[in-house]
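>>> 3D model of this:
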Amino acid sequence: MAEQVIWSLTKRKSKTENIVPNPTLVEVHEWVQPSHCHHLQHDNNMLQHGQLLRWMDITACLSAERHAKHPCVTVSVDDISFDRTVSVGHVVILRAVVNRAFTSSLEVGLSVESEDPLTGKREHVCKAYSVFVAKPKDGSKVKLPPVALNSEEENREYLLAAERRRMRTTYAKDMQRVVKSLHLDDDEAANSPVAKKVKVSETQVHTINIVLPVHANHHGTTFGGQIMEWMTDVATISAMRLSRSLLVLEGIESVHFRGPSHVGERVSLSSSVNKVFSTKRFEVGVRVEGYAVGEEKRHINSAFFTFRPADTDCQLPELVTDTKTEAERAASAVARHCLWLDRKAIQYDERPVSLNSENAYQLILKNTTMVMTNFSITDWKLLQSYSGFKVFKHETTGNLVFRIHDTLEGVTAKEAFKVLTDHPNRMQWDCLCKNCRVFRHISPDDKVIHIVMRSPQAGEKARDFVLLCSQREPQEYSSYHKYYYVAFSSVLSTDLPPLTDYERSQVISSGYVMEDCGAEGERKCTLTYLHQINSTVMAFFAKDLVGFSALVEKVYMGLRRRLLEGK
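Residues are numbered from 1 along each chain as shown. Down below sits the predicted model:
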């Protein structure tokens, strides 16, 4: 019964008429040949990452142009982390789809798997997000049509594309703040003593390529995947000059293309090792410039590659900087590494992370992602049915999610959204809430709130929560469900340390999702409450999870009454 209720929600047709079902999916299969491989790897006959990047860019471009109906060029590629290498004889499966179209640009999501053709076993290699811009042949401006969305997964990626776009625009400022706050003496120079030293100048590589027709795309400009392949090659040479050992490429920092190069022009690539970290990883920076004969060089793009030795016992030499420029590059590398470690902690650790100006938008992305991921779950177990709403749970190993689903007559999604984002007046409907205040604004739609709740158990201290709150309204041309949603997750804040009067508790993820569901002009909406449960809030849910009415239902009934009666 529970599956039928939720499934009917996820399969509802788009409200936008005359939109063709999403045609942007492109799937490409490439058989890894010996010519595609480096033969000096931690395991012989492994696919070159430069070749993989070339295939990835081709696949993503095919998807972008399928939607835009115009030629498209690569603008940027977000960070890529490689989970594993691919062996010769295996099949690389690349799958690209347009997540969202903006005015003239669009985001393409790409997943890469490897398949052993003898066993059929598939393994995840990496995931990437690329941004393309449409370039009509006549040079005119273009406004791209919205993407037609046909599943909850596509809808989730559509919503999160806006969050990733916001992160891209703030990254440069975040980098500057981290560099200014660094004390290089505190940096990871606390390495264990090493016998060998290598100067930065000893790792430098300079090479020039002439752009031939085979290197160009159908616009006559150098193919973005070709540029990335050349960059990977020179980065690997620099890395080998430092380590003199077999290497693993762990990831690539986001690549931003500043401009094109054309057939007949020269492309100059320069690389060097920027920094060796105490984690036995090191960064190689690559700068790409283009020029025509007799003209000055122009900066095309830069990228940063993270390597580690394949042998975990390998001792990396100390990197010696001799110039101010080399020292500045080392400082920037430390800043990027700090941001990378922060992103990894945010991505994989359920514990609250300290909120700061550098990681705020990464935390916001995780906050919104988790609530919409939980909303997309379909296999729910029905716990209780009440007059007007139902209570469900979803349980897997190490994960328990609680859900209330309701249909409200006489209430619009926007009205429900307004009540749920009016934090100072939460006490009007939440019988457990003693106080709720906003104490930090990150953006107009993102803030940090402090909530004090009565304890679910008599005689205990009140609980308090420091929560990141992200509120989102639907975009006007959304072609799928027009969701309003509010997401919450715990963060740490130096401005509000734990107080002796309260027991500090944590929320992994919770939130509300609302959507109008009536006929045109009808005041009717669905409201879904979701909460991913951990030990600090289990007491609030304990009775609900075994099927008895308890505190959470009581709080929700207060919200329901407030929405239906305005009381």
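>>> what helix or strand does Gln226 sit in?
Here Gln226, judged by DSSP states H and E, is contained in helix 224-243.
>>> Off-centre distance for the helix or strand following that helix?
Downstream of helix 224-243, the next assigned helix or strand under DSSP H and E is strand 247-252. Chain-centre distance of strand 247-252: 19 Å, with C-alpha atoms, centre = their mean, to the nearest Å.
>>> Where do the strands of the stretch 451-567 of the chain begin and end?
463-472, 484-490, 503-504, 509-516, 524-532 (DSSP state E, counting those that start in this stretch).
>>> I'd like those strands as a markdown table, with distance to Lys418 appended.
C-beta here means a position set from N, CA and C on the backbone, and glycine is covered the same way. Shown next, in a markdown table, are these (distance: least, C-beta to C-beta, whole Å):
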| stretch | distance to Lys418 |
| --- | --- |
| strand 463-472 | 10 |
| strand 484-490 | 9 |
| strand 503-504 | 29 |
| strand 509-516 | 10 |
| strand 524-532 | 12 |
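>>> Let me know which of the ones you listed is the nearest to Glu326.
Nearest to Glu326, of all the strands of the stretch 451-567 of the chain, is strand 463-472, at 38.4 Å by C-beta to C-beta.
>>> Count the neighbours of Gly398 for me.
Neighbours of Gly398 under the rule other C-beta atoms under 10 Å: 6.
>>> Likewise for Glu27?
By other C-beta under 10 Å, neighbour count at Glu27 equals 13.
>>> And for the one 3 residues further on?
By the measure other C-beta under 10 Å, the count of residues near Glu30 is 20.
>>> so where is the stretch 401-550 of the chain shaky, pLDDT-wise?
Applying pLDDT under 70 to the stretch 401-550 of the chain flags residues 476-481, 534-550.
>>> Am I right that Ala327 is in a helix?
Yes - counting by DSSP: H, G, I helix; E, B strand; the rest coil, Ala327 is located in a helix.
>>> Surely it touches Thr321?
Yes - using C-beta atoms under 8 Å, Ala327 makes contact with Thr321 at a distance of 4.8 Å.
>>> Run through the residues that contact Lys197.
317-320 (C-beta atoms under 8 Å, 6 or more residues apart in numbering).
>>> Now it. Its backbone dihedrals?
Main-chain dihedrals, Lys197, degrees, to the nearest 10: phi -120, psi 140.
>>> For the nearest residue to it once chain neighbours are set aside, give me the pLDDT.
Leaving aside its sequence neighbours, Lys197 sits nearest to Glu318 (C-beta to C-beta, 6 or more residues apart in numbering; 4.7 Å). pLDDT recorded at Glu318 is 92.
>>> And Glu318, how far from Lys275?
Distance, Glu318 to Lys275, using C-beta to C-beta, to the nearest Å: 11 Å.
>>> Overlap in contacts, these two.
Common neighbours of Glu318 and Lys275, using C-beta under 8 Å, 6+ apart, do not exist here.
>>> These two - which one has more neighbours?
Per other C-beta under 10 Å, whichever of Glu318 and Lys275 has more neighbours is Lys275, with 26 against 14.
>>> following whichever helix in the chain runs longest, which helix or strand comes up?
Longest helix in the chain, counting residues (DSSP state H): helix 152-181. As assigned by DSSP H and E, the chain's next helix or strand after helix 152-181 is strand 197-199.
>>> Report the strands that pair with that next one, each with its relative direction.
strand 318-320 (parallel) (DSSP bridges).
>>> contacts for the strand it pairs with?
Contact partners of strand 318-320, identified using C-beta under 8 Å, 6+ apart, comprise 191, 194, 196-200, 203, 242, 273, 275-276, 282, 330.
>>> Adding distance to Ala413 and pLDDT, write those out as CSV.
What follows is the contacts of strand 318-320, written out as CSV (distance: C-beta to C-beta, whole Å; pLDDT from 0 to 100):
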residue, distance to Ala413, pLDDT
Asn191, 55, 47
Val194, 61, 56
Lys196, 64, 86
Lys197, 63, 92
Val198, 60, 95
Lys199, 62, 95
Val200, 57, 96
Thr203, 57, 97
Leu242, 56, 95
Val273, 53, 97
Lys275, 49, 95
Val276, 53, 95
Phe282, 50, 95
Ala330, 51, 92
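>>> And those residues, which of them are buried?
Burial by neighbour count, 16 or more other C-beta atoms under 10 Å: within the contacts of strand 318-320 this picks out 191, 198-200, 203, 242, 273, 275-276, 282, 330.
>>> possible to save the residues you listed as JSON lines with distance to Phe307?
Putting those into JSON lines (distance: C-beta to C-beta, whole Å) gives the following:
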{"residue": "Asn191", "distance to Phe307": "16"}
{"residue": "Val198", "distance to Phe307": "14"}
{"residue": "Lys199", "distance to Phe307": "18"}
{"residue": "Val200", "distance to Phe307": "15"}
{"residue": "Thr203", "distance to Phe307": "11"}
{"residue": "Leu242", "distance to Phe307": "9"}
{"residue": "Val273", "distance to Phe307": "9"}
{"residue": "Lys275", "distance to Phe307": "11"}
{"residue": "Val276", "distance to Phe307": "10"}
{"residue": "Phe282", "distance to Phe307": "6"}
{"residue": "Ala330", "distance to Phe307": "16"}
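>>> So, low pLDDT: which residues of the stretch 1-150 of the chain?
In the stretch 1-150 of the chain (pLDDT under 70), the answer is 1-22, 39-44.
>>> Swap in 90 and give it another go.
Within the stretch 1-150 of the chain, the segments meeting pLDDT under 90 span 1-23, 35, 37-46, 103, 136-141, 146-150.
>>> Surely Ile533 and Gly398 touch.
No - if you go by C-beta under 8 Å, Ile533 and Gly398 don't touch, sitting 11.3 Å apart.
>>> Need the CA coordinates for the helix holding Gln226. CSV is fine.
The C-alpha coordinates for helix 224-243 follow below in CSV (Å, rounded to 0.1, in the frame of the first residue of the first chain):
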residue,chain,number,x,y,z
GLY,A,224,38.1,20.6,-25.1
GLY,A,225,38.8,16.9,-24.6
GLN,A,226,42.0,17.2,-26.7
ILE,A,227,43.2,20.1,-24.5
MET,A,228,42.6,18.1,-21.3
GLU,A,229,44.4,15.1,-22.8
TRP,A,230,47.5,17.2,-23.5
MET,A,231,47.3,18.7,-20.0
THR,A,232,47.1,15.3,-18.4
ASP,A,233,50.2,14.2,-20.4
VAL,A,234,52.4,17.1,-19.3
ALA,A,235,51.1,16.9,-15.7
THR,A,236,52.1,13.2,-15.6
ILE,A,237,55.6,14.0,-16.8
SER,A,238,56.1,16.6,-14.1
ALA,A,239,54.8,14.2,-11.5
MET,A,240,57.2,11.5,-12.6
ARG,A,241,60.1,13.9,-12.4
LEU,A,242,59.3,14.5,-8.7
SER,A,243,58.5,11.0,-7.6
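>>> and it, how far from the chain's centre?
25 Å.
>>> One more: stretch 361-376?
That offset, for stretch 361-376, works out to 9 Å (C-alpha atoms, centre = their mean).
>>> Would you mark the buried spots in stretch 410-418?
For stretch 410-418, by 16+ other C-beta under 10 Å, it's 411-413, 415-417.
>>> Same question for stretch 248-263.
Those would be 248-249, 251-257, 260-261, for stretch 248-263 by 16+ other C-beta under 10 Å.
>>> what's the answer for stretch 137-154, then?
The neighbour-count check on stretch 137-154 (16+ other C-beta under 10 Å) flags 144, 146-150, 152, 154 as buried.
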